[in-house]
Structure formats: structure tokens, C-alpha cells
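**Student:** Return a 3D structure for these sequence lines:
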Amino acid sequence: MKLIPLASPNITDKAIDSVVSVLRSGMLVQGKFVNQLEYDICSYLDVSYCAAVSNGTASLHLALVTLGLGPEDEVILPALSYTATANVVELVGATPIFVDVNQDFTINVLLIEEKVTDKTKVIMPVHEFGIAADMDAILNIAERHNLWVLEDAACALGSKYKGRYCGTLGDFGSFSLHPRKAITSGEGGLVVTNNAIFDKKVRILRNHGIEPEVQPMEFSEAGFNYRLTDFQSALVLDQLASLDDIIAKRNDLAAIYYQELKSDHFRLPIVPNYAFSNWQTFQIVLNDQKTRNSLKDHLLKNNIQSNYGAQCIPEVKFFKNKYQLDSSNKFPNAFEAYNQGLAIPLYEKLTEEDINYISDCVNDFFKRNGE
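**Tutor:** Down below sits the predicted model:
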């Protein structure tokens, strides 16, 4: 049987033709396809401004720089995410303040307020694996303490919170277009906001500090080279037009997993009633790390790729050495998801037969081990 990869972007002939047309045009960076992508994202999300950038990490970094974060400032964020969420806080000189997650992998809002100090400037919720964080509670806390909200929606393009798109509820939303996301430009990111001043500064910062549409050219900031290419934008535009269909297919396949996967030795993903997931990742959590690792090996022997999900960030080498936090006690849910979680394939190119085969292999593992 052919290998079933963990993820596989759906690149159509139309998208490839669009990329080729850009390459032949010679206009490779920030041309009409970048402009079209930004326009289409605004229309899709019903948000005022979008700036396309080189990757999702860049989009988070630009948002924090735009908000003026620096030394002596603190950012509250979940202990479970990809390390980029905390890396950007370090890169602006601020301090990440970690909060444990719920069993749905999103920040535990009941633990946020006790972390707020006079140094706190931003709450950065993460819509992990495409599952929406409890934004009403987060926004209420932010309003009471006069804090910014930066949504890390890297995994969540098309996901919703109470009918509104993730990434559009805070002061900033950040998305990734990495190949493991619902749609991809290879590498790429999106910064969205409803604040015109924020958007203007992001656009200046992403392009070496050059003020757009000002002649003669003027450098008004010490900026970055965080531009997205035109051929990357052309690649993702075709997928964006099909995003709702992509998410619908992923939801149909996820429903099969819920029906077919059966064991007392792992927990299926939990999606709160207020959330609609794009199913960027389907992560199960095993009862112990040894079983997780053995199941991963078993799946690979049956031509199924799987992988560990997000990190318990305070537990990875850099943050553990710097902050010396006891993750197993301070962040037990994040620690469990990191050490016992396993992402299994879920994307629109899979068939029902594929999902049934994966489910059978998972169930067979526990039968063979007498569990």
C-alpha cells in the first residue's frame, strides 16, 4: 500500500499554471497576486486589512513590533503551541508568561487573570490545531486590564468562534500558509486587523521600513524583509477559492474518525460547542508516552505517517534553560499533550477508505497488545 503522509497540500493544475505565468512575467515579488490575495482574504474573513508576509512567524513578529513591545513587557500565551508563538516574544525582548491549556488544547481562560501584572501588554491566544480559544472570555479580560489581543490563528484559517472567523476578533490576527495548513503558499503568512494605523505600520515594517506609495522612496522605520512573493500568492489563491469545500471535506473525514476510533487508551480531540474547526490537525492523546511512541511505530509499519503535535513550550531546551519551569506541575495539560499526543492524517485528499484504514490500524494496535 502507498504511504499515507501526515499532510499533503492539494495543488491543482490551475494553481501550477498561475505560478508559471508569474515566473514568466518577471514580476516575482509583491505584484498583482499579492494584492489579490490580500483583497480576497479581507473579503473571506470580513476584515478591513490584510498584509501578506513571508511566513506565520513573521506575521506574529510584525504585530508585536507594531504594538511597541519590548523589554520589561510581558505577553500571556498558552504553554502548548509551536515554539514560534513564544519565540517572537523573545525576539522583541519581552517575556512570555505561560498559562496551561484545557483538554481542547486552547488556553485555560480561568488561569489568565492571575497572570496579569502591571507589565502585561498582550494576551496571545492560540487556536491550536484549528480549535477556537474562548475569545469572549479573553476579550473581557483584555478590556478590564487595557491589554492588546493578538490571535495566533496560524492553524485556524476558516475556523470559527461563535460564527465569527478566528483571527478577526482581537486587535491582530496572524495566519500561516505553511504546507501543513488548510491552504498553502509553501511558506507564507497573513496579518489581519481592523485598525488602519496598525495595518500601515505592518506594511512599512515588512518592506525594509519603506513607506508605501510615497515618492521619492522614504525609509521611515528600521524594517524587515518579510515580503511574500507573487508566485507564492498565485499558488495559494486557487486554494483559497476552495477553502470552504476543503474544510467541509475535512469535517466529513473527522466525523468518520469519531465513529471508528475506539479505545479507552486514548482521548479524541475535544471541540467546544462555540467552536467550528477547520481540522488542520487531528490529534489524539494517549494514556502514556510509551504507548504513543509504540503506536507511531506501528502506524509507520503500516505505511501511515503520524507525528507529535505542538510543544509544551516551557519544556523545550531554550525555554526550560531560561525559565526553569516545572512543566509537569505548572502546565499538566500542555505537558500531557506534548508527551502523549499524536497527530494522525486528516486532509481533503484522503478518502473515506483511507480514514477507515487508519482507524483500523489504530484499533488493531490495541487489540494486538491485549488492550
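
**Student:** rest of the way, CA atoms for contacts and neighbours
**Tutor:** OK.

**Student:** Which residue ranges of the stretch 1-150 of the chain form helices?
**Tutor:** Under the criterion DSSP state H, counting those that start in this stretch, the stretch 1-150 of the chain carries helices at the ranges 13-25, 32-45, 56-66, 84-91, 135-145.

**Student:** closest one to Glu114 among the ones you listed?
**Tutor:** Glu114 sits nearest to helix 135-145 of all the helices of the stretch 1-150 of the chain, at 10.6 Å, using Cα to Cα.

**Student:** Is Asn225 bridged to anything, and to what?
**Tutor:** Residues in a beta bridge with Asn225, per DSSP bridges, are Asn207.

**Student:** how near is it to Asn55?
**Tutor:** Separation of Asn225 from Asn55 (Cα to Cα, to the nearest Å): 11 Å.

**Student:** by how many degrees do the lowest-mean-pLDDT helix or strand in the chain and helix 32-45 diverge?
**Tutor:** None of the helices or strands of the chain scores lower by mean pLDDT, DSSP states H and E than helix 13-25, at a mean of 93. Using axes from the mean of the first three to the mean of the last three Cα atoms, to 10 degrees, one finds that helix 13-25 and helix 32-45 are set 140 degrees apart in direction.

**Student:** Point out the other helices and strands that helix 13-25 packs with.
**Tutor:** Other elements packing on helix 13-25 under the criterion 3 or more Cα pairs under 8 Å, 6 or more residues apart in numbering; DSSP states H and E are helix 230-241.

**Student:** what's next to the helix or strand just after the helix it packs on, contact-wise?
**Tutor:** The first helix or strand that comes after helix 230-241 along the chain, using DSSP states H and E, is helix 243-260. Here helix 243-260 makes contact (Cα atoms under 8 Å, 6 or more residues apart in numbering) with 158, 182-183, 268, 277-279, 282, 346-348, 351-352, 355-356, 359-360.

**Student:** among those, which are in helices?
**Tutor:** Counting by DSSP state H, the contacts of helix 243-260 place 352, 355-356, 359-360 in helices.

**Student:** ok, back up a step: which one's more surrounded, Asn225 and Asn55?
**Tutor:** More crowded of Asn225 and Asn55, by other Cα atoms under 10 Å: Asn55, with 24 against 13.

**Student:** show me the contacts for that one.
**Tutor:** The neighbourhood of Asn55, defined by Cα under 8 Å, 6+ apart, consists of 176-178, 187-190, 226, 228.

**Student:** Against Asp244, how distant is it?
**Tutor:** When distances are taken as Cα to Cα, Asn55 and Asp244 turn out to be 22 Å apart.

**Student:** so where is the stretch 251-371 of the chain shaky, pLDDT-wise?
**Tutor:** Judged against pLDDT under 70, the low-scoring parts of the stretch 251-371 of the chain cover residues 370-371.

**Student:** is it fair to say Ile284 lies in a strand?
**Tutor:** Yes - secondary structure assignment (DSSP: H, G, I helix; E, B strand; the rest coil) places Ile284 inside a strand.

**Student:** how far away is the spatially closest residue to it that is not a sequence neighbour from Arg144?
**Tutor:** Closest residue to Ile284 apart from its sequence neighbours, by Cα to Cα, 6 or more residues apart in numbering: Leu268 at 4.9 Å. For Leu268, the distance to Arg144 (Cα to Cα) stands at 35 Å.

**Student:** which of the two has more neighbours?
**Tutor:** Set side by side, Leu268 and Arg144 give different neighbour counts by other Cα under 10 Å, the larger being at Leu268 (17 against 9).

**Student:** what sits against the more buried one?
**Tutor:** Taking Cα under 8 Å, 6+ apart, we find Leu268 in contact with 258, 283-285.

**Student:** can you do 10 Å?
**Tutor:** 103-104, 257-258, 261-262, 282-286 (Cα atoms under 10 Å, 6 or more residues apart in numbering).

**Student:** sorry, back to before: can you list the ones in helices among the contacts of helix 243-260 in a markdown table and add neighbour count and distance to Lys2?
**Tutor:** Formatted as a markdown table, the ones in helices among the contacts of helix 243-260 follow (neighbours: other Cα atoms under 10 Å; distance: Cα to Cα, whole Å):
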| residue | neighbour count | distance to Lys2 |
| --- | --- | --- |
| Glu352 | 14 | 16 |
| Ile355 | 22 | 14 |
| Asn356 | 17 | 15 |
| Ser359 | 20 | 16 |
| Asp360 | 14 | 16 |
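
**Student:** among the residues you listed, which two are most distant?
**Tutor:** Between any two of the ones in helices among the contacts of helix 243-260 (Cα to Cα), the greatest distance is 12.1 Å, for Glu352 and Asp360.

**Student:** Among the contacts of Asn55, which one lies nearest to Val29?
**Tutor:** Set against Val29, the nearest of these by Cα to Cα is Leu228 (6.6 Å).

**Student:** Which phi and psi values does the closest one adopt?
**Tutor:** Per-residue torsions, Leu228: phi -100, psi 140 (degrees, to the nearest 10).

**Student:** And Thr291, its phi and psi?
**Tutor:** When read as degrees, to the nearest 10, the backbone of Thr291 gives phi -70, psi -40.
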